[in-house]
Every structure is written in C-alpha cells, then in structure tokens.
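Engineer: coords below, sequence missing:
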C-alpha cells in the first residue's frame, strides 16, 4: 500500500518541519521538536515548564545535491526538583538524532565517522565535498579520535606480532583475536615488559600464537604461564629455508672447489663481473682480519672497536655469510621471463626480435638487456668447462638445489651435479630441510624427535638448536590449527592505513581507524 511522503520523514525523528527554502546552494529547513517534555541532565527528572526558546543551527545529510541546514527552535526548561543544582537547562534530544552541543545531526556524524575511518583526513575531506558534506580534514580526524575504539570481548585465542612504525628503527605491537578474526589493540613498542603488562590483564587467554622472536615468548611465559604458545608455521618454513641458505653460504669455498673455480681468471670476466670480483677480494681481506682476531679469542665487541666495522658485519663474517664472489640482483626482465621462455622453446632465439616484441608489450628496457639474456641462455644450452667455472651466488645455488631437475638448464644441471658430488653435506642439509617442510605440511608430530637427532648432525645444526629451545611452541604449531597468519594479514591492513596518512598518525588514530573499521 502506497503512503504519502511527508516532509517530516526527511528530517531526524522527533522533529516536525515548519518551513523550508533554498538559499543558493543550501536548503534551509526550520523544524520544531515534537516532544512536550525534556529530561534534566542534572537529576534526570522530566519537566514541562518552558523558560524560553532559542535557535540551534545543525548540518544534516544533503538533499537533492544541496547542503542541508536545520534551524531548530529549541527550548529551555525549568527543573522542578527542589534539590537539583540546575534550575534552567537546555532541551535534550534523543542521542540518535542530535547530541548535546553538536553542530551536526547524529546521522551525518555517523557518515563523517565512516568517511574518516575509510579514507583518513584529506582524501575523506575531498570526497566529502563531492558529496556536499561541509567537513574539513581536521574535523574528520577529530571525529575518529573522539569515537575511539569500541570495547572488545575478552579473547581466549590471540595472535601477537610486531609492526614497523619506521623499518629497522621503531616498532609497535599488534594483538588480534583469532577466534573473531579482528584486531583488538595496538601497543606502542615491542618490548617484553609492555606486552607482559597487557597480557597480565587478560588472564582468560589460553592460546598465544606468535612468531619465532623471543620477546613475545618471554612475555607470554611470565604473564600467562598456563597458556599454550603456538609458533607461526609460515615463519618456521621461512626459517628452515633461510637455514639452508646459510649452510650454502658457509660451504661456498668447498662449492667453488667442487665446481673447479677455486681460482678465478680476471681476464675471462666481464666489466661488471670484474668490479664484483674486486669487491670480493676486499671483502676477503676484511674477513681474514676479523677471523684472525676471533681465533685469538678477541670478543665481538672488541673486534667492532678495533676494526670500526658494525656488529652485524662482524657476526656475518664469523657465521661465514660473506663468501659470495658474484652477487646478483633482480632484472627488469623478471616479469617477462615466462613469455621469453615460451618464445625460446618455440624456436624464436633472435635477441633483437624478442626485444621488439617485448617493447610492443610495454617493456621499457634496452635491446642490450634482451640480447644479453639470449646470449646467456644460448650458452646455458651448451655446457662446457668455462661455463662450469662460473659459480652462481649462494642464493642461486640454494634455489637450484631445491628446484626440480626438469626445470634446470643443461649448464645448471651439470653445475648442481658437481656440487652434490663434491659437497655431500649440502645434500644432507637439503634433505633435512625438506623433511622439516614435509613434517610441518603434513603435521606429523611423531617425526619431530627423529628429525632433531638427524638435524643436529648436519650443517643446519643452529636451526635445530633453535627448534629444540622452542620445542613446545613448535609442537603446538604442528598439532593445533592455530597460526599467526591472521595477524600478518591485519598488519598489511595497518600498513595501508599508516601509509594513507603518510606515516604521521599517532597510535590512538591508527588504533581507531584499524579497529573501528574492523567493527
């Protein structure tokens, strides 16, 4: 059944329209409250005695592409309660319509709040102007801050991780409710004491999912000794892969000897490779000086003071992580390699022709980049003694050793075969890491103890020692379904919000936007 649209239906509830007119780009609507009484804000008693009237001007939602201003004929009442401290008070409306002292209606304020949550300050203000909502960027952020974060239900299963205010300089902590799949708080730093203080106020927590870092493990152990700690499975897989890469780096001298390139002829190097080789020789001199002092029993702190090198560099030298001769970086051809491989397999092997086709697809590199790729690919098809003497970087060797043989070129296949025959400890380390990955994927908890015995006798013994120290959390990661992946996803959202505000938002605003938007 159709009903006639009354003017009062266009304004907030509790008001009647008296008149309306257009003033340029603004629609002005005069309204009057429908209630005959009002509650005293001091004692809560209802009063009918009117003292006087005055006008309130409120901004409302736009109408037909025009801004709307409500002119409310509000009243002042007398409180009839003898003991009340307020004798005269202004009329109070329903909070769902107009809040006390507000200059916007509640429904407009809600729209402003959601614009601020979604877009921040300046972007939301620009979009609001298009919607005919007169609001500034400062007002948007003020509304977001005023509403803050809604209270959260007491969580039982949480994920905790750090996030970067500024990478490698300042970090914070995010805590997520894994059962309800939402963030619940942000902490200003990642110190164990800060996390411990927050966890101590949530004694009902039974499961804490975290990364492999020791600070959150220590905080959870002290604040919630009864809770089960769960190591993040993705970090376990990534740590295992990094452990194999470290094993390859430590074995680079033996790898070069196995391939037959223990000595390098500079005359056979290209200009770029010669520059890298000279840098390698300088690094070897630095490594030798640091190792000589370490063999004499000098502490790391003293080596840093004597040599002037950073503590991180000294640690990498002592761990054998600075032995690469040629270091590679990502090429501009990386996004186009699948297409180039397909063209190469189809018999199109002219570098200039391939470059012209790539240029038509939007490639901005020079023809030299493509022709050099074609030359390297052509040489890889015909392995010889010279190609075998070019040892790839440790990262490339680790990738080639873990890839399937059917995906390798002939030159790479011969190189990896020589490495496997000359450095059998690397083969054992690869099998140990592969067994760990399989154990995590299949959740085979019974294989953990045998794996630890095998890993402690291999090149990845340091990784095995770390697994032994965190054995309880890793066992929980294998046997339970909880993981910290949700928290990583919330960190991605947090980074988006932080970058929308150019990294200048304070903790309360970040928390209000991230958690308020989630609810």
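Structural biologist: On my side now, so go ahead. This one's a predicted model, so the numbers in the text were calculated from it and none came from an experiment.

Engineer: for the helix or strand hosting residue 419, the averaged confidence score.
Structural biologist: Here residue 419 sits within helix 410-422, counting by DSSP states H and E. Helix 410-422 carries an average pLDDT of 80.

Engineer: just stretch 228-240 next, same as before
Structural biologist: Mean predicted lDDT for stretch 228-240 stands at 93.

Engineer: and that stretch, how far out from the chain middle?
Structural biologist: 17 Å (CA atoms, centre = their mean, to the nearest Å).

Engineer: re the thing from before, chain center to the helix holding residue 419, what's the gap?
Structural biologist: 38 Å.

Engineer: in it, what counts as buried?
Structural biologist: Of the residues in helix 410-422, 411-416, 418-419, 422 count as buried by neighbour count, 16 or more other CB atoms under 10 Å. For the C-beta atoms, the positions are set from N, CA and C on the backbone; glycine is no exception.

Engineer: now for it, which elements pack on it?
Structural biologist: helix 252-259, helix 367-381, helix 385-388, helix 394-402, helix 424-442 (3 or more CB pairs under 8 Å, 6 or more residues apart in numbering; DSSP states H and E).

Engineer: got JSON lines for the ones you listed, with distance to residue 63 and mean neighbour count too?
Structural biologist: Below are the helices and strands packed on helix 410-422 laid out as JSON lines (distance: least, CB to CB, whole Å; neighbours: other CB atoms under 10 Å):
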{"stretch": "helix 252-259", "distance to residue 63": "73", "mean neighbour count": "18"}
{"stretch": "helix 367-381", "distance to residue 63": "59", "mean neighbour count": "15"}
{"stretch": "helix 385-388", "distance to residue 63": "76", "mean neighbour count": "12"}
{"stretch": "helix 394-402", "distance to residue 63": "62", "mean neighbour count": "18"}
{"stretch": "helix 424-442", "distance to residue 63": "59", "mean neighbour count": "17"}
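
Engineer: assumed residue 69 was part of a helix.
Structural biologist: No. Assessed with DSSP: H, G, I helix; E, B strand; the rest coil, residue 69 is strand; it does not lie in a helix.

Engineer: distance of it relative to residue 23?
Structural biologist: 8 Å (CB to CB, to the nearest Å).

Engineer: please say which of the two ends up with more neighbours.
Structural biologist: More crowded of residue 69 and residue 23, by other CB atoms under 10 Å: residue 69, with 16 against 10.

Engineer: who does that one form a beta bridge with?
Structural biologist: residue 28, residue 59 (DSSP bridges).

Engineer: so it touches residue 59, yeah?
Structural biologist: Yes. Look at residue 69 against residue 59 with CB atoms under 8 Å: they come within range, at 6.1 Å.

Engineer: common neighbours of the two, please.
Structural biologist: Counting by CB atoms under 8 Å, 6 or more residues apart in numbering, residue 69 and residue 59 have no common neighbour.

Engineer: residue contacts, residue 371?
Structural biologist: Per CB under 8 Å, 6+ apart, neighbours of residue 371: 351-352, 355.

Engineer: next step: these restricted to helices.
Structural biologist: 351-352, 355 (DSSP state H).

Engineer: redo those residues as TSV? Include distance to residue 289, neighbour count and pLDDT.
Structural biologist: Formatted as TSV, these follow (distance: CB to CB, whole Å; neighbours: other CB atoms under 10 Å; pLDDT from 0 to 100):
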residue	distance to residue 289	neighbour count	pLDDT
351	44	18	85
352	48	11	88
355	46	20	89
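
Engineer: could the residues you listed be laid out in CSV, adding distance to residue 87?
Structural biologist: Shown next, in CSV, are the ones in helices among the contacts of residue 371 (distance: CB to CB, whole Å):
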residue, distance to residue 87
351, 92
352, 93
355, 88
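
Engineer: from those residues, pick the one nearest residue 164.
Structural biologist: Nearest to residue 164 among the ones in helices among the contacts of residue 371, counting by CB to CB, is residue 355 at 39.3 Å.

Engineer: so who does the closest one touch?
Structural biologist: With CB under 8 Å, 6+ apart, residue 355 has these contacts: 363, 365-367, 369-371.

Engineer: could I get the average pLDDT for stretch 156-175?
Structural biologist: So the average pLDDT for stretch 156-175 ends up being 90.

Engineer: begin at 40 from now on, thanks
Structural biologist: Sure, I'll start counting at 40 from here, so that last one is stretch 195-214.

Engineer: now the terminal residues of that stretch, how far apart.
Structural biologist: 12 Å (CA to CA, to the nearest Å).

Engineer: one step back: among the helices and strands packed on helix 449-461, show the one with the smallest mean pLDDT.
Structural biologist: Among the helices and strands packed on helix 449-461, helix 424-427 scores lowest, at a mean of 47.

Engineer: now the helices and strands packed on helix 449-461 as a markdown table including distance to residue 157?
Structural biologist: Shown next, in a markdown table, are the helices and strands packed on helix 449-461 (distance: least, CB to CB, whole Å):
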| stretch | distance to residue 157 |
| --- | --- |
| helix 291-298 | 51 |
| helix 406-420 | 42 |
| helix 424-427 | 56 |
| helix 433-441 | 41 |
| helix 463-481 | 38 |
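
Engineer: among these, which is nearest residue 280?
Structural biologist: helix 463-481 (6.9 Å).

Engineer: quick one: that closest one to helix 449-461, angle?
Structural biologist: 100 degrees (axes from the mean of the first three to the mean of the last three CA atoms, to 10 degrees).

Engineer: what angle separates helix 463-481 from helix 291-298?
Structural biologist: Using the same axes, to 10 degrees, helix 463-481 lies at 110 degrees relative to helix 291-298.

Engineer: tell me how far the residue lying farthest from the centre of the chain lies from residue 197.
Structural biologist: For the chain, the largest distance from the centre (CA atoms, centre = their mean) belongs to residue 121, which lies 60.1 Å off. Using CB to CB, residue 121 is found at 53 Å from residue 197.

Engineer: and the longest helix for the chain?
Structural biologist: The chain, longest helix under DSSP H: helix 310-334.

Engineer: chain center to that one: distance?
Structural biologist: 36 Å.

Engineer: now do stretch 323-336
Structural biologist: 38 Å.

Engineer: neighbouring contacts of that stretch?
Structural biologist: With CB under 8 Å, 6+ apart, stretch 323-336 has contacts from 339, 341-342, 345-346, 348, 353, 356-357, 361-362.

Engineer: report the two of those residues separated the most.
Structural biologist: Top of the distance list for these (CB to CB): 341 and 362, 23.6 Å.

Engineer: tell me which of the helices and strands packed on helix 449-461 lies nearest to residue 138.
Structural biologist: helix 463-481 (53.4 Å).

Engineer: in the helix or strand following the closest one, what counts as buried?
Structural biologist: The C-terminal neighbour of helix 463-481 among helices and strands, as given by DSSP H and E, is helix 487-494. Of the residues in helix 487-494, those buried under the neighbour-count criterion (16+ other CB under 10 Å) are 487, 490, 493-494.

Engineer: kind regards, and thank you for your time.
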